[in-house]
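Asker: Got a predicted structure plus its sequence, pasted below:
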Amino acid sequence: SSGSAVSQKAVNPRMSQKSTPSSARWLDSKPTQDLALRLARDSAEHASNLSGALNQDPEPWHQRESGGLLRNVVYGFNDGLTANFGLVAGILGADVPAHVILISGVAGMMADALSMGSSGYLAAVSEREVFENEIRMEADEIRMMPEIEAEELSIIYQARGMDPAEAKRLADDIMKDPVRALKEKVKDELHIGDAAMSPWREGWITGTATLVGAFIPVAPFIFFEGAVAIWTSFSISMLAHFGVGAMRSIFTGRGIFRSGIDMFVVGVGVAAAGYFIGEWISRFF
């Protein structure tokens, strides 16, 4: 029954504009509206019962994932560090002159920063488009099923401690103004607020964090040569892997030390794989 509700809810108002007069009259007929309302109510009740058992959102078709500044910084830094560390290790495995290592590392650093920056920008744009679509869907629900939406608002207000009769009166009053009703539903049900950052800013921050992370394995080759540069690069890169792993625990909820060790092991694995792949390829070229 939930599939029926989704299809009813997701009807685009523009479709009705293209309908013939007879089909428009059929959609506006009282029996059809009553049937749609009954199906939607049954589906909403069914979804609510399932969500209560599974501890999930009763309207799972609304997606509300959102990123933040700190997450962009941590994951951008992590990507740049790991990717360029593997690249530098591969170049070292190929046993090339020191200037080739530096040039390759800087080129990899710039490419990775541009890639992650553009990905951050596109992700923010896509998230904004998803939210806009969610708001359009909610507007359709208010237009097509105002009784159901009024009931949902009433339940939200009751969950805040409001008296059931007062909650119903307030919900009915709000539903008289579709614009106000949409604002309330977006804020209280979808929990969609104003974007914290513009897509351009999000892309810039992600790209910069990636650039900083990717610079760490390369930096020693600017100031040192030979074994000193290699071991310095390895040491600070591994420490950085542990540090960024520890910071990831903010989002994963895992222990700081365990999360740091995980990233430390990943760094060792990436370095070893890059080194041996570089060495293997150098035998053929």
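Answerer: Sure, I can see it.
Asker: F276 is in contact with G93, correct?
Answerer: Yes. Counting by CB atoms under 8 Å, G93 does reach F276; the two are 6.2 Å apart. Any C-beta I mention is one placed from the backbone N, CA and C, and that applies to glycine too.
Asker: These two: which is more packed in?
Answerer: Using other CB atoms under 10 Å as the criterion, G93 and F276 rank with G93 on top: 20 against 13.
Asker: Show the pLDDT at the closest residue to the more buried one other than its chain neighbours.
Answerer: In space, and not counting its chain neighbours, G93 is closest to G278: 3.1 Å by CB to CB, 6 or more residues apart in numbering. We have a pLDDT of 92 for G278.
Asker: Can you say which helix or strand has G278 in it?
Answerer: helix 256-282 (DSSP states H and E).
Asker: what's the distance between A271 and I261?
Answerer: 16 Å (CB to CB, to the nearest Å).
Asker: let me fix that: R160
Answerer: For R160, the distance to I261 - CB to CB - is 44 Å.
Asker: before we move on, back to that, who's in contact with the residue nearest to G93?
Answerer: Counting by CB atoms under 8 Å, 6 or more residues apart in numbering, G278 touches A89, G90, I91, L92, G93, A94.
Asker: hmm, back to that, quick one, which of A271 and I261 is more surrounded?
Answerer: Counted by other CB under 10 Å, A271 and I261 do not tie: A271 has more neighbours, with 24 against 15.
Asker: so how many other residues sit close to P178?
Answerer: P178: 14 neighbours (other CB under 10 Å).
Asker: After the host helix or strand of R201, heading C-terminal, what element do we hit next?
Answerer: Counting by DSSP H and E, the element that carries R201 is helix 199-218. Where DSSP H and E defines the elements, the next helix or strand beyond helix 199-218 is helix 220-223.
Asker: Mind giving me the packing neighbours of that following helix?
Answerer: Helix 220-223 sits against helix 98-144, helix 226-252, with contacts defined as 3 or more CB pairs under 8 Å, 6 or more residues apart in numbering; DSSP states H and E.
Asker: Using neighbour counts, pick out the buried residues of it.
Answerer: P220, F221 (16 or more other CB atoms under 10 Å).
Asker: Residues contacting it, please?
Answerer: Against helix 220-223 from outside (CB under 8 Å, 6+ apart): V88, A98, I101, L102, G105, V228, A229, I230, T232, S233, I236.
Asker: A229 versus the fourth one, what's the distance?
Answerer: Spelled out, it's L102. According to CB to CB, L102 stands 9 Å off from A229.
Asker: Where does the prediction get shaky in the stretch 1-150 of the chain?
Answerer: Low-confidence segments of the stretch 1-150 of the chain, defined by pLDDT under 70: 1-68.
Asker: One more pass at 90, please.
Answerer: 1-75, 95-99, 119-120, 123-150 (pLDDT under 90).
Asker: Run a quick neighbour tally on I156.
Answerer: As a burial measure, I156 scores 16 neighbours (other CB under 10 Å).
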